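Q: Okay, predicted coordinates and the sequence, questions at the end:
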Amino acid sequence: MFSFTEKTYKIFRIVFCVLACLCVAATVVIGALFGFLWALVCIAGACVFGILMMLSKGRSEPKPPASPDFMNTDEENEAIRRAQPPHDGPQDGSDQ
């Protein structure tokens, strides 16, 4: 079947952003010409395209690997440390 690549999701993100902006821009004109109900339709369209934009952004950018953090509990940090592969090299942070 067809699979989307990161580049495809970036294109989707741009297209959905433009469509959301066009819906927001059309809201004032449509609302003034046809009434409040039609303006709500445009706002709903902008919300849908905005949500689609955020969903495609989440799929286009890979999540960074988990690392120990001071905001995590000690148990979470220990689980992260155990899941990371050991690295060869100096333990003092130098590059030698």
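A: Everything's here; your move.
Q: and stretch 17-31, which residues are buried?
A: 17, 19-20, 23-24, 26-27, 30-31 (16 or more other Cβ atoms under 10 Å). Glycine gets a C-beta too; all of them are placed from N, C-alpha and C.
Q: what's the pLDDT at Asp92?
A: In this model, Asp92 is scored at 56, pLDDT.
Q: same deal with Ser60?
A: pLDDT, Ser60: 63.
Q: The one 5 residues further on now?
A: pLDDT recorded at Pro65 is 72.
Q: Also Phe34?
A: So Phe34 comes in at 94 (pLDDT).
Q: what's the answer for Phe16, then?
A: 95.
Q: elements contacting the lengthiest helix in the chain?
A: Taking DSSP state H as the criterion, the chain has its longest helix at helix 6-34. Here helix 6-34 touches helix 36-60, going by 3 or more Cβ pairs under 8 Å, 6 or more residues apart in numbering; DSSP states H and E.
Q: Which one of the buried residues of stretch 17-31 is nearest to Met53?
A: Taking Cβ to Cβ as the measure, Met53 sits nearest to Cys17 out of the buried residues of stretch 17-31, at 5.1 Å.
Q: Against Ala26, how distant is that closest one?
A: For Cys17, the distance to Ala26 (Cβ to Cβ, to the nearest Å) stands at 15 Å.
Q: cool, Ser67 as well?
A: Ser67 is 44 Å from Ala26, where distance means Cβ to Cβ.
Q: What of Val15?
A: In this view, Val15 and Ala26 are 16 Å apart by Cβ to Cβ.
Q: which SS class is the spatially closest residue to Ala83 that is not a sequence neighbour?
A: The spatially closest residue to Ala83, leaving aside those adjacent along the chain, is Ala66, at 7.4 Å (Cβ to Cβ, 6 or more residues apart in numbering). Following DSSP: H, G, I helix; E, B strand; the rest coil, Ala66 is assigned to coil.
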